[in-house]
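# turn this into a structure:
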Amino acid sequence: MSTVDIYLNRALNKHLSLMTPTINISWENTNYTPVNGVGYLETWLLPIPTQQVTLGPDCWEEFSGIFQVTCVYPTGKGSDPARTKAAAIRSRFKIGTLCTYNSLTVKVKGSYPGPGYYSEDGSWYRVPVSIVYQCFANN
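This is a model prediction of the structure:
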């Protein structure tokens, strides 16, 4: 994994973590135990293959993909809590939003909620939000 990949992930995570009101976040590949009856978020970085956009040995590359944030809420409360949080995330990551970490700036190209679904055991209702991102770096 390159420094660009690490900074890109940190830029998006940082932007999400500064969202208010705060909510617990289960970051990718970390230990998190949900609190019964309390909503939280899950994050996943879903990159696509990097594209070379200029010629030469020190070429610029395009890094892009989806930063997926899933709103996880207890079942039996309707879809409003999860959909409301999904709308807030979508607003936080609207088109043109810039997320920066160190010298790397990541641009949001758009965001959209997916369909809601239940966890395998049926105790959580989930609404994913896909945040399409793009950045350029001389890697």
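# all contacts plus neighbour counts: C-alpha atoms, from now on.
Noted.
# tell me which element Leu8 is part of?
helix 3-17 (DSSP states H and E).
# other SSEs contacting that helix?
Contacting helix 3-17 under the criterion 3 or more CA pairs under 8 Å, 6 or more residues apart in numbering; DSSP states H and E are the following elements: strand 98-101, strand 104-113.
# how about the contacts made by Ile131?
Ile131 is in contact with Ile66, Phe67, Gln68, Val69, Arg90, Phe93, Val108, Lys109, Gly110, Ser111, Tyr112, counting by CA atoms under 8 Å, 6 or more residues apart in numbering.
# so in terms of bridging, what pairs with it?
Beta-bridge pairing for Ile131 (DSSP bridges): Phe67, Ser111.
# ok, now the one 5 residues further on?
For Phe136, the beta-bridge assignment (DSSP bridges) gives partners Glu62.
# what's the helix or strand following the helix holding Leu8 packed up against?
Next along the chain after helix 3-17, taking DSSP H and E as the criterion, comes strand 25-26. Strand 25-26 is packed against strand 40-47, with contacts defined by 3+ CA pairs under 8 Å, 6+ apart.
# so which of the helices and strands packed on helix 3-17 gets nearest Val4?
Closest to Val4 of those is strand 104-113 (CA to CA; 7.4 Å).
# gap between the closest residue to Trp44 other than its chain neighbours and Trp60?
Nearest residue to Trp44 in three dimensions, chain neighbours excluded: Gln68, at 5.1 Å (CA to CA, 6 or more residues apart in numbering). Counting by CA to CA, to the nearest Å, the gap from Gln68 to Trp60 is 25 Å.
# which one's more surrounded, the two?
Comparing Gln68 with Trp60 by other CA atoms under 10 Å, the one with more neighbours is Gln68, at 20 against 16.
# parallel or antiparallel, list what pairs with the lowest-mean-pLDDT helix or strand in the chain.
Sorting the helices and strands of the chain by mean pLDDT, DSSP states H and E puts strand 51-52 at the bottom, at a mean of 90. Strand 51-52 pairs in its sheet with strand 60-74 (antiparallel), by DSSP bridges.
# if anything else comes up later, I'll come back, but that's it for now.
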